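In: please find the sequence and the predicted model below.
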Amino acid sequence: MSTGDITRVPNPRVPAKSSVAVYRLPGGGGFLWGVATSPDRTQDIRVQTLGALGVIDGYLKDAGLDRTRIVKAEIVVTDHDNKPAFDEAWATWMPANHGPVRSFVQSVMPEGDLIEIIITAAL
């Protein structure tokens, strides 16, 4: 759904929220925000991380962007002890020298979800 300077991609499971929002600044540029969980919630943290990152890749591709345009990532997990496995998966996915500002927090999440990744990317 687009309202001129803002485009939203509704979450297919919860239409009252968006999976992606894009804001285009007057004169050019702007930001993309996206949130992703793994399509397969039966796997371990490493596989769920790669699944969520794959969803993020789709958002970026649809906007004509790549991973180097991510400026911020917020990582939410159910168990902070999974950070080493997350870091390993992230390191295989993120191009060297293009890592964004990143936070990593633990939270209660729906059954089966081990990770949620929220990104901000520059257009």
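Out: Nice, thanks for sending it over. Not measured: the values here are computed from a predicted model.
In: from I45, how far out is the closest residue to T49 other than its chain neighbours?
Out: In space, and not counting its chain neighbours, T49 is closest to A89: 4.1 Å by CB to CB, 6 or more residues apart in numbering. For glycine as for every other residue, the C-beta is placed from the backbone atoms N, C-alpha and C. Counting by CB to CB, to the nearest Å, the separation of A89 from I45 is 8 Å.
In: ok, back up a step: give me the number of residues near the residue nearest to T49?
Out: Using other CB atoms under 10 Å, A89 is surrounded by 20 other residues.
In: residue farthest from the centroid of this structure?
Out: G27 (26.2 Å; CA atoms, centre = their mean).
In: where does it land on pLDDT?
Out: Looking at G27, its pLDDT reads 91.
In: the one 4 residues further on now?
Out: You'll see F31 listed with a pLDDT of 98.
In: do M1 as well
Out: In this prediction M1 is given a pLDDT of 60.
In: try L60
Out: 98.
In: wasn't it part of a helix?
Out: Yes: note on L60: a helix contains this position according to DSSP: H, G, I helix; E, B strand; the rest coil.
In: and it, how many neighbours?
Out: Counted with other CB under 10 Å, L60 comes out at 20.
In: for it, what are its contacts?
Out: L32, G34, D66, R67, R69, I70, A121 (CB atoms under 8 Å, 6 or more residues apart in numbering).
In: which residues touch the fourth one?
Out: Residues counted as contacts of R67 (CB under 8 Å, 6+ apart) are D57, L60, W93, M94, P95, H98.
In: write the PyMOL selection for whichever of those residues are buried.
Out: Listed next is the PyMOL selection for buried residues among the contacts of R67, using 16 or more other CB atoms under 10 Å:
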select buried, resi 60+94
